[in-house]
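Student: Dropping the sequence and predicted coords here.
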Amino acid sequence: MTNWFPDSLSSLVLDGLHSLILVAVLLILRTILVRAVFKSQGLTVEARRRWVLTIRNTMVWIFIFGLIFIWGHELSAFAVSLLAIAVALVLATKELILCISGSVLRIGANAYSLGDRIEIAGLRGNVLDQTLLATTVLEIGPGAMSNQYTGRAAVFPNSLLLSHPLINETYMKEYIVHVITIPLTTEEDWQTAERVLLEAARAECAPFMAEAQRHMKQLEEKNWLDTPSVEPRVTLRLPEPGHINLLLRVPSPSHRTSRVEQAILRRFLSAYRPATMTVRERVK
């Protein structure tokens, strides 16, 4: 026997015929039952109305379940197709979805804004532009201790915000607390180095010390933060035997950190070199 229609079309036609038969049977059955109710002399008008409503609602539910039964295999095939298309779309646009999710996280957490200095996944710089998919920064480097621009602009996808911690170095806005590391050996006169370093820091920070203190006070009252002191301080660290690191913490304008650091280092080196005296020289 010749097959004039494709299998799928034949199946649709057959299901359509079954649906028409179901509608015809239900209409005939409803008509018969409603006539039987109206011909019943033992029922009141209110009872007849209830029976008619019950018959109508029952026929509607039978029609719905009948259609589901008839078209069930077609619906399941359609649902599988939709699921396959949805999975393919998700896989194809996975990175875009992650980037948009990262943007939502950035906006919700107020992680950074234009002009902020951030560090993420080894990339450090000032934010130049931010879109729904990516962020552009003016790179600072080389290394984490440098504060010089490299002249390069780096673009990273916002999806990195979901998998890497982000550091906002300018979270305190106008003034921040900056740390400068001075490496020494245990044979050097670290007490003199500490004194000279503090003198250099106080001299360079004096022009903006009062303003930095007011800014930290306002930040503390506004955000309920326990802000650090702006007074220059030196702490000691022993990274390995025979070595001492002087960690100088100073306030600095957020976009003049490099200038302040270089000025302090130059003043320190100029003053400390003549005062340098090793332990061995003092013993002699």
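Tutor: On my side now, so go ahead. Small disclaimer: the values here were computed from a predicted structure and weren't measured.

Student: which residues of the stretch 151-284 of the chain fall in strands?
Tutor: Listed in chain order, the strands found in the stretch 151-284 of the chain under DSSP state E, counting those that start in this stretch are 166-168, 175-185, 233-237, 243-253.

Student: Among those, show me which one is buried the most.
Tutor: Ranked by mean neighbour count under mean count of other C-beta atoms under 10 Å, the strands of the stretch 151-284 of the chain are led by strand 243-253, which reaches a mean of 19. In this view, the C-beta of every residue, glycine as well, is placed from N, C-alpha and C.

Student: CA atoms only: put stretch 50-66 into CSV for me.
Tutor: This file holds the C-alpha atoms of stretch 50-66, laid out as CSV (Å, rounded to 0.1, in the frame of the first residue of the first chain):
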residue,chain,number,x,y,z
ARG,A,50,-27.2,21.7,39.3
TRP,A,51,-27.3,18.5,37.2
VAL,A,52,-26.9,20.5,33.9
LEU,A,53,-23.9,22.4,35.4
THR,A,54,-22.4,19.1,36.6
ILE,A,55,-22.9,17.5,33.2
ARG,A,56,-21.3,20.5,31.4
ASN,A,57,-18.3,20.6,33.7
THR,A,58,-17.8,16.8,33.5
MET,A,59,-17.9,16.9,29.7
VAL,A,60,-15.3,19.7,29.7
TRP,A,61,-12.9,17.7,31.9
ILE,A,62,-13.4,14.6,29.8
PHE,A,63,-12.6,16.7,26.7
ILE,A,64,-9.4,18.0,28.3
PHE,A,65,-8.2,14.6,29.4
GLY,A,66,-9.2,13.1,26.1
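
Student: list the buried ones in that stretch?
Tutor: Using 16 or more other C-beta atoms under 10 Å as the test for burial, stretch 50-66 gives 51, 55, 59, 63, 66.

Student: what does stretch 120-128 give?
Tutor: Quick answer for stretch 120-128 (16+ other C-beta under 10 Å): 120, 123-127.

Student: Kindly report the same for stretch 151-160.
Tutor: Judged by neighbour count using 16+ other C-beta under 10 Å, the buried positions of stretch 151-160 are 154, 156-160.

Student: Distance check, the closest residue to residue 158 other than its chain neighbours against residue 124.
Tutor: Computed as C-beta to C-beta, 6 or more residues apart in numbering, the closest residue to residue 158 that is not its neighbour in sequence is residue 102, at 3.3 Å. Computed as C-beta to C-beta, to the nearest Å, the residue 102 to residue 124 distance reads 18 Å.

Student: re the thing from before, now, which of the buried residues of stretch 120-128 lie within strands?
Tutor: Among those, the members found in strands (DSSP state E) are 120, 123-127.

Student: Could you dump those residues into a markdown table with distance to residue 242 added?
Tutor: Below are those laid out as a markdown table (distance: C-beta to C-beta, whole Å):
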| residue | distance to residue 242 |
| --- | --- |
| 120 | 35 |
| 123 | 34 |
| 124 | 31 |
| 125 | 36 |
| 126 | 38 |
| 127 | 41 |
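
Student: tell me the two of those residues that are most distant?
Tutor: Farthest pair in those (C-beta to C-beta) is 120 and 126. Separation: 12.9 Å.

Student: quick one, domains of this protein?
Tutor: Using automatic domain parsing, the domain parsing of the chain gives 7-92, 109-168, 175-283.

Student: Contacts only, for residue 172.
Tutor: When contacts are counted by C-beta atoms under 8 Å, 6 or more residues apart in numbering, residue 172 touches 215-216, 219, 227, 254.

Student: just checking, residue 243 touches residue 184?
Tutor: Yes - with contacts defined as C-beta atoms under 8 Å, residue 243 counts as touching residue 184 at a distance of 7.1 Å.
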